[in-house]
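In: Here is a sequence together with a model predicted from it:
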Amino acid sequence: MTQLGRKSVPAGSLIGASAPDRTGIVHLGLGNFHRAHGAVYTAQAMAAAGGEWGIRGFAHSSDRVVAPMRAQDNVYSILQLTEHGVEAGVVDVHRDTGVAAQDPAAVVDAIADPAHRIVTLTVSEVGYTRDPATGKLALDAPEVAADLAAGATPRTAVGMIARGLEKRAASGAPFTVLSCDNLQSSGEVTRAVVEEFLQAAGVGEDVLSFVSTAVSFPNAMVDRIVPKTTAEHSRLVADLLGVADQCPVPAEEFTTWVLEDDFAGGRPAWDLAGATFSDELEAHEMVKLRLLNGSHSLIAYLGVLSGAPTIDAAWGQDFVRETVLGGIADDYLPTFTPPTGFDADAYVSELDARWRNPLIGHATTQVGTDGSLKLLQRIPDAALFHLRRGAVPHHLALCTAAWIACVAPPAGFTPGPLAERIVEPARDRLATAVGGAVSAADHARRVMDGGFFPTALAEQDAFTDRVADLLTAITRGGVRAAAADVATAR
């Protein structure tokens, strides 16, 4: 079978337009989400309005995606998975790809290059190297400290961006840093950690002034479910397009991108590609981060503890569905003002359709990965909203307890084989924190007091006690018993 490449793109399969040879965007984090989301919007924007917005993309540390993309002229397919079947198209928007860990200086130089006007990021919550208790840049983290050393070549995403902007200041060319990760106030968070790095590095006032006045950090909200690629996805692409693709990207049909229109150096016509520019960004973020992401975490951990390998399998269990819908209604919806015209019932119905789609095959362990970082965006602020009003958010406490049960189980409790597949960067610190715990309740309190959540939440004894109760319920009667406890407490 013919190998996919720029010269073998099947007729009529191109999504948007092929990018020009010149690149205008640098991207960090060359995983499936970027390739199914920002890259697609960019290709479609150029089809609608032109522009030299080709992407120079960098994976963080592995050439797992870069090697096959290079072998295919950086062209790849998108496999769109709907309840009604599958469709495939080809994206041709990347003009150069590399691995940041292998050549971090190339990332710094690309950001400094005046020809590039935007850097986009999909580095996940862990990529911002923030202290979970304070939300500030973790200056004492070994990788950050190494980047700050005099003469060091930066290895973290924040370090590479900061050093790139430091070098770019010499030209004064305006620039935009655009986070495309699931972070509340993502632009503000990104600006804060970059400026904290520059200040800690002792750069000159000219650099700080340049970043303050000529570099924009717009907030943005992204949404599309993009599971891991499997051999079956490659087979489906071959059947649909008649070419062999070594790095196809599966994705759901649904896609959303809401942004602030604050681009110091200009931008592609993403609005003509379906993106929304809004001055209600925070409200859109709350809808996504709490109703979708927060609920997604709860589905994942309940699913893992009940032996459900995928989100659709977990969602198909009545106790999971009822618990999550209760959490949306009781614990999340009251905590924010939604955007103008928002229909909560319609949105939840849409979530139901997305979560039950069997073709997505989104692993519960994938959604549950990096929980120590993801839950910081999904639990504390919403929980504190209720706690400060004298109410206990039972579903948020259950999500916290289920996460602990999965990644730092109390002595004598086995969460099952799926839990071992969850990638949790805080596993070692969690194990140290709970060492010597004499009960599940003591175990939970050690986690809540161990710096894994903001101090403001850790100080709320009512929440810690409820997490402890629910972790005890999980260890004694299983996750269904804990969910039943929450149902009766509503």
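Out: Sure thing, it's come through.

In: can you list contacts of the host helix or strand of Ala283?
Out: Counting by DSSP states H and E, the element that carries Ala283 is helix 281-286. Residues outside helix 281-286 that contact it (Cβ atoms under 8 Å, 6 or more residues apart in numbering) are 184-186, 219-221, 258-260, 276, 278, 335-339, 342. Just so you know, the C-beta spots here come from the backbone N, C-alpha and C atoms, and that holds for glycine as well.

In: From the residues you listed, which land in strands?
Out: Ala220, Met221, Val258, Leu259, Thr276 (DSSP state E).

In: And those, which is closest to Asp109?
Out: Comparing the ones in strands among the contacts of helix 281-286 against Asp109 with Cβ to Cβ picks out Ala220 as the nearest, at 25.2 Å.

In: isn't the closest one right next to Val177, touching?
Out: No. Applying Cβ atoms under 8 Å, one finds Ala220 not in contact with Val177, separated by 10.9 Å.

In: now the helices for the stretch 301-450 of the chain?
Out: 311-315, 318-327, 344-356, 364-368, 371-378, 380-387, 394-407, 427-434, 440-448 (DSSP state H, counting those that start in this stretch).

In: List every C-alpha atom in the third one, with coordinates, as CSV.
Out: Taking Å, rounded to 0.1, in the frame of the first residue of the first chain, the C-alpha atoms of helix 344-356 are listed here in CSV:
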residue,chain,number,x,y,z
ALA,A,344,-27.2,23.6,30.8
ASP,A,345,-29.6,20.8,29.8
ALA,A,346,-28.5,20.8,26.2
TYR,A,347,-24.8,20.9,27.2
VAL,A,348,-25.3,17.9,29.5
SER,A,349,-27.1,16.0,26.8
GLU,A,350,-24.2,16.7,24.5
LEU,A,351,-21.8,15.4,27.1
ASP,A,352,-23.9,12.3,27.4
ALA,A,353,-23.6,11.6,23.7
ARG,A,354,-19.8,12.2,23.8
TRP,A,355,-19.2,10.0,26.8
ARG,A,356,-21.3,7.1,25.5
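
In: Please identify the deepest-packed of the helices of the stretch 301-450 of the chain.
Out: Comparing these by mean neighbour count (mean count of other Cβ atoms under 10 Å), helix 394-407 comes out on top with a mean of 29.

In: same question for it, mean pLDDT?
Out: Taken as a whole, helix 394-407 carries a mean pLDDT of 98.

In: And stretch 246-253, by the same measure?
Out: Averaged over stretch 246-253, pLDDT sits at 96.

In: Please name the residues that touch the closest residue in space to Thr256 that isn't next to it in sequence.
Out: The shortest distance from Thr256 to any non-neighbouring residue, by Cβ to Cβ, 6 or more residues apart in numbering, is to Asp223 (4.2 Å). Applying Cβ under 8 Å, 6+ apart, we find Asp223 in contact with Phe254, Thr255, Thr256, Trp257, Lys288, Leu292.

In: Just the closest of those to Leu14, please.
Out: Thr255 (17.5 Å).

In: related to what we said a few turns ago, which neighbours do Ala220 and Val177 have in common?
Out: Common contacts of Ala220 and Val177 (Cβ under 8 Å, 6+ apart): Gly187.

In: Show the contacting residues for Arg95.
Out: Ala19, Asp21, Arg22, Thr23, Gly54, Ile55, Arg56, Asn74.

In: which SSE is it in?
Out: Arg95 belongs to strand 94-99, assigned by DSSP H and E.

In: From the contacts of Asp223, list the buried ones, please.
Out: Thr255, Thr256, Trp257, Lys288, Leu292 (16 or more other Cβ atoms under 10 Å).

In: Compute the distance between the third one and Ala275, please.
Out: The one in question is Trp257. 4 Å (Cβ to Cβ, to the nearest Å).

In: list the residues that contact both of the two?
Out: In contact with both Trp257 and Ala275: Tyr41, using Cβ under 8 Å, 6+ apart.

In: CSV please, covering the ones in strands among the contacts of helix 281-286 and showing pLDDT, neighbour count and distance to Gln44.
Out: Output for the ones in strands among the contacts of helix 281-286, formatted as CSV (pLDDT from 0 to 100; neighbours: other Cβ atoms under 10 Å; distance: Cβ to Cβ, whole Å):
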residue, pLDDT, neighbour count, distance to Gln44
Ala220, 97, 24, 17
Met221, 96, 25, 18
Val258, 97, 21, 16
Leu259, 97, 25, 15
Thr276, 96, 15, 14
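
In: which residues does the residue nearest to Arg427 when sequence neighbours are not counted contact?
Out: Spatial nearest neighbour of Arg427, excluding adjacent residues (Cβ to Cβ, 6+ apart): Val407 at 6.0 Å. Residues near Val407 by Cβ under 8 Å, 6+ apart: Gly368, Gly371, Ser372, Ala419, Ile422, Glu424, Ala426, Arg427, Leu430.

In: The residue lying closest to the third one once chain neighbours are set aside and Ala101: what is the separation?
Out: Sequence neighbours aside, Ala426 is the residue nearest to Ser372 in space, at 3.8 Å (criterion: Cβ to Cβ, 6+ apart). Taking Cβ to Cβ as the measure, Ala426 falls 22 Å from Ala101.

In: ok, these two, which is more surrounded?
Out: Ala426 (21 against 14; other Cβ atoms under 10 Å).

In: Show the pLDDT at that one.
Out: 95.
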